[in-house]
Structures are given as structure tokens and as C-alpha cells.
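S.K.: Provided below for reference: sequence and predicted model.
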Amino acid sequence: MKRIAVYCGAAAGNDPAYQQATLQLADWLVANQLELVYGGGGVGLMGLLANEVLTAGGKVHGVMPKELADRGAALTKLTDLQIVANMSVRKQTMLTLADGCIALPGGPGTLEEIIEAFSWARIGDNDNPCVFYNVAGYYDPLRQMFDDMTAKGFLTPADRQKLLFSDSLAEILPFMNSYVPPKVRTYPQASGL
């Protein structure tokens, strides 16, 4: 593990626990000599995270779509900032740069990015472990949804074990370090239905 992609809100949320956990995650990254890969923004939890990593002496790699950079969303003092064509390229670039993925609380974009990373892991296009940093139970409903997917036959129990929901940074690092990507499924030749 060298670099961790962190997905998080461009808003700060209305519970101080989210900001506190963001600062803790930033300090944890630096303490474990892990570089941050994130969306490049300077506002909300994104800005808080990047600024804290930099203040603590860590490295921060931002990846931002041109349309957001053109609107002034970028934090310019990063270790490096890549401006890419669009969100699809951003997501692929972040996964390529990172060795693991963590989602802090956030909105639809945060959810979409971490879910896509996990979905890609299941088809063999992402070897990175995916973790929901479940601050103050924020992701409890989603954890239940993944458990329901498994119970109803849409997600294998083995693959469900490849996705961690945790509020403990002490649990997250061992999970990521011991992670083995899901076995890529093969399909028998389709027969007429």
C-alpha cells in the first residue's frame, strides 16, 4: 500500500463527527506513510482532508475534471493535480494511481465512485480493496443493502466479504493489507433461453 483513493463530500455535512473523522483519516494516512489520491477539490470534506494531509507533511494527488477546474473548484497547493477530460476519466485515473479505496461520508458522487470501484473489482478491472469508513453509522443503510443483496442471491457471500464497512481505522489497514481481489467469474457458454 502506497496510495489510497479517498472519496468524500464536497460539502462538510452537518455532524461535526464527519469533519473529525476526516481529520483523523488524514493524520492516519500520513502516520502510515500513505499518500492521498482524491478528487482535487478545496471545499467540504475534500478540502479539509487534503489540507490536513499537507499540513501533516503528507503527499496529495488530485484528479479533477476540466469542467470543475474551470469553475475554480481545484485546490492548487497539492503535490500534483491532474486535470482530466471528464468524470469517467477521473474515476479510472484515481483507481490507477491508488492501491486502495476508502469512502468517507458524502453525497451521490461519493457513493457512485466507491460503488463503481467495488463493481469493477468483481469483474476484474480493479484490484484495490474498497472500504466504507462508516462514521457515526452513516453507511449503515447501505451495509444492510449489501447484506440484502447477498441474502437474495445478487451478491455472493465470498464477494460480500471483500467489502468492509468499519468505523475503525485500526481495522481498515489490516483489511486492506491482507486483501485478495474477488475471483473473477466465468460464464458457461450461453444457451438459448
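M.R.: Received, thanks. Residues are numbered from 1 along each chain as shown.

S.K.: switch to C-alpha atoms for all contacts and neighbour counts from now on
M.R.: OK.

S.K.: Quick one: residues contacting residue 148.
M.R.: Residue 148 sits next to no residue when contact means CA atoms under 8 Å, 6 or more residues apart in numbering.

S.K.: Next one: it from residue 110, what distance?
M.R.: Distance of residue 148 to residue 110, given as CA to CA, to the nearest Å: 21 Å.

S.K.: now the helices: where do they sit in the chain?
M.R.: 16-31, 44-55, 66-70, 87-97, 108-123, 140-151, 157-160, 169-177 (DSSP state H).

S.K.: Looking at those, spot the one closest to residue 185.
M.R.: Nearest to residue 185, of all those, is helix 108-123, at 7.0 Å by CA to CA.

S.K.: Send me that closest one as PDB with only the CA atoms.
M.R.: Output of helix 108-123 as PDB, limited to C-alpha atoms (Å, rounded to 0.1, in the frame of the first residue of the first chain):
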ATOM      1  CA  PRO A 108     -24.300  10.800  -4.700                       C
ATOM      2  CA  GLY A 109     -20.800  11.300  -6.200                       C
ATOM      3  CA  THR A 110     -19.000   9.700  -3.300                       C
ATOM      4  CA  LEU A 111     -21.400   6.800  -3.400                       C
ATOM      5  CA  GLU A 112     -21.100   6.400  -7.100                       C
ATOM      6  CA  GLU A 113     -17.300   6.400  -7.100                       C
ATOM      7  CA  ILE A 114     -16.900   3.800  -4.400                       C
ATOM      8  CA  ILE A 115     -19.700   1.500  -5.700                       C
ATOM      9  CA  GLU A 116     -18.100   1.600  -9.100                       C
ATOM     10  CA  ALA A 117     -14.700   0.700  -7.700                       C
ATOM     11  CA  PHE A 118     -16.200  -2.300  -6.000                       C
ATOM     12  CA  SER A 119     -18.300  -3.300  -9.000                       C
ATOM     13  CA  TRP A 120     -15.100  -3.100 -11.200                       C
ATOM     14  CA  ALA A 121     -13.300  -5.300  -8.600                       C
ATOM     15  CA  ARG A 122     -15.900  -8.000  -9.200                       C
ATOM     16  CA  ILE A 123     -15.300  -8.100 -12.900                       C
END
